[in-house]
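Peer 1: Just a sequence and a predicted model for now, questions to come.
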Amino acid sequence: MSFRGLTRQNTLSSMAVPDDSKNTFLELKRKKIHRYVIFKVDEKNKEVVVEKTGGPAESYNDFTASLPENDCRYAVYDFDYVTSENCQKSKIFFIAWSPSTSRIRAKMLYATSKDGFKHELDGVHYEIQATDPSEMDLEVLRDRAH
């Protein structure tokens, strides 16, 4: 790999995470203000920004319908469930959405910056990588959470 290629790769993997993005995640985690948060990579400013949030009453279908059909995104979803002992629990899922129909450049950009971004989100319980909706079906979350 040429030096030039190496520099470009390092640039792609070092996305800034603005305080607004971190604070929105904390609002989901601690205050339960959001059911989900969808993040988008802003290539021009080299940062991961909040694209959309969903209120506590929104469903999983609302969340999946908010993801673009042909572009990558990061998302966190606060999954509530009841255990076999009848206890109410909540787990936070990090979802790396990378549909097969998205641009190669977008897939590479999201893949190379994912670990650095996820590291900024302290409190994620599980990670799901999805290239189509079936890979992040509600049953997949339910199975992982139990």
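Peer 2: Structure received. A quick note: this is a predicted structure, and the numbers were derived from the prediction, not measured.
Peer 1: The biggest helix by length in the chain: which residues count as buried?
Peer 2: Ranked by residue count and defined by DSSP state H, the top helix of the chain is helix 104-120. Within helix 104-120, the residues that qualify as buried are 106-107, 109-110, 112-114, 117-118, counting by 16 or more other C-beta atoms under 10 Å. For glycine as for every other residue, the C-beta is placed from the backbone atoms N, C-alpha and C.
Peer 1: That one packs against which elements?
Peer 2: Judged by 3 or more C-beta pairs under 8 Å, 6 or more residues apart in numbering; DSSP states H and E, the packing partners of helix 104-120 are helix 3-13, strand 36-42, strand 73-82, strand 88-97.
Peer 1: The third one pairs with which strands, parallel or anti?
Peer 2: Strand 73-82 sits in its sheet next to strand 36-42 (antiparallel), strand 88-97 (antiparallel), going by DSSP bridges.
Peer 1: Which one of these lies nearest to residue 136?
Peer 2: Shortest distance between residue 136 and the strands paired with strand 73-82, using C-beta to C-beta, is found for strand 88-97: 5.7 Å.
Peer 1: Just name the most buried of the strands paired with strand 73-82.
Peer 2: Each of the strands paired with strand 73-82 was scored by mean neighbour count; the highest is strand 36-42, a mean of 22, by mean count of other C-beta atoms under 10 Å.
Peer 1: Let me see the contact set for the residue nearest the centre of the chain.
Peer 2: The chain has residue 75 as the residue nearest its centroid, 2.2 Å off, counting by C-alpha atoms, centre = their mean. Under the criterion of C-beta atoms under 8 Å, 6 or more residues apart in numbering, the neighbours of residue 75 are 36-39, 63, 67, 94-95, 97.
Peer 1: For it, give me the pLDDT.
Peer 2: pLDDT for residue 75: 98.
Peer 1: partner residues bridging it?
Peer 2: According to DSSP bridges, the partner residues bridging residue 75 are residue 38, residue 95.
Peer 1: ok, residues contacting stretch 78-97?
Peer 2: Against stretch 78-97 from outside (C-beta under 8 Å, 6+ apart): 28-29, 32, 34-36, 67, 72-77, 110-111, 114, 118, 121, 123-130, 136, 141-142, 144-146.
Peer 1: By average pLDDT, which secondary structure element in this structure comes out worst?
Peer 2: Using mean pLDDT, DSSP states H and E, the weakest-scoring helix or strand in the chain turns out to be helix 3-13, at a mean of 41.
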